[in-house]
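[1] sharing a model prediction with you, sequence too.
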Amino acid sequence: CSGITVGSLTVNADDTSEINADTGAASVAASFGAVGASVSVGLALAENEIDNMVEAYIKNAADLTTSVGGVTVTADETAEIEALTAAASAAVSVSIGGSASVALTKAENTLTSTVAAYIQASDQVQSAGAVLVSANDRSTISSEIVSVSLSAGLISLAVGVTLADNTISDILVNGPKQVY
């Protein structure tokens, strides 16, 4: 007799990738005298990406039989990105003149995983219990961005800019898998 006979069968794939990123920048400019100007620019950029392939499968198993329990095939993705991005800028002009300050913060966080669970090209799968095929994605992104700008002088300008792009575009495959 050929084939695979077991009490029960469990195939599981888990991914718990994690990125914790803190990015910061600070700048200060000052001018003193009869005539003067000061310019300060603080720039903080962060780019975080997780791109995984998480697969659990039974493939090309002829005559698979469980005698007591079931067949379980599960793939779980719990990737996590936690990011803090901050920029601060200050400019002061103690003179006849001006000051300008710019603080720019940009954070880009991306999760693009494929999570798959399947039974493929397996003839005669017989189970004494339940057959469970499940792919789950519980990925998260937590992003905090801060931009602070201060300018002081006879003529002054302060600009703070924050930009954030958080994307989760995971692909889930439950059951029969397409052949690529």
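    Yep, that arrived.
[2] check contacts around Val173.
    Thr114, Val115, Ala116, Ala117, Tyr118, Ala135 (Cβ atoms under 8 Å, 6 or more residues apart in numbering). In short, each C-beta sits where N, CA and C put it, glycine included.
[3] what's across from it in the sheet?
    Ala116 (DSSP bridges).
[4] what subset of the contacts of Val173 is buried?
    If you count burial by 16 or more other Cβ atoms under 10 Å, the buried members of the contacts of Val173 come out as Thr114, Val115, Ala116, Ala117, Tyr118, Ala135.
[5] pretty sure the fourth one sits against Ala135.
    Yes: contact between Ala117 and Ala135 holds when scored by Cβ atoms under 8 Å: they sit 4.2 Å apart.
[6] shared neighbours of those two, anything?
    Ala56, Thr74, Ala75, Val173, Asn174.
[7] name the member of those that has the highest neighbour count.
    Counting neighbours by other Cβ atoms under 10 Å, Ala75 leads the shared contacts of Ala117 and Ala135 with 27 neighbours.
[8] so how far is Asp51 from the residue lying farthest from the centre of the chain?
    Each residue of the chain has a distance to the centre, and by Cα atoms, centre = their mean the biggest one is for Ala34: 51.4 Å. For Ala34, the distance to Asp51 equals 57 Å [Cβ to Cβ, to the nearest Å].
[9] then Ser8?
    As defined by Cβ to Cβ, Ser8 lies at a distance of 33 Å from Asp51.
[10] likewise for Gly98?
    Counting by Cβ to Cβ, the separation of Gly98 from Asp51 is 46 Å.
[11] and for Ala37?
    Per Cβ to Cβ, Ala37 is found 46 Å from Asp51.
[12] do Ser134 as well
    Taking Cβ to Cβ, one finds Ser134 at 22 Å from Asp51.
[13] which of the two has more neighbours?
    Legend: neighbour count by other Cβ under 10 Å for Ser134 and Asp51, higher for Ser134 (16 against 12).
[14] below-threshold pLDDT in the protein: ranges please.
    1-2, 176-180 (pLDDT under 70).
[15] for Leu163, which non-adjacent residue is closest in space?
    Lys106 (4.3 Å; Cβ to Cβ, 6 or more residues apart in numbering).
[16] wait, Val6
    Thr66 (5.8 Å).
[17] thinking again about what came up before, max pairwise distance over the shared contacts of Ala117 and Ala135: which two?
    Farthest-apart pair in the shared contacts of Ala117 and Ala135 is Thr74 and Val173; separation 12.4 Å (Cβ to Cβ).
[18] so what sits against both of these two?
    Ala117, Ala135.
[19] quick one on the thing from earlier: surely the residue nearest to Val6 and Gly129 touch.
    Yes: Thr66 is in contact with Gly129 according to Cβ under 8 Å; the separation is 6.6 Å.
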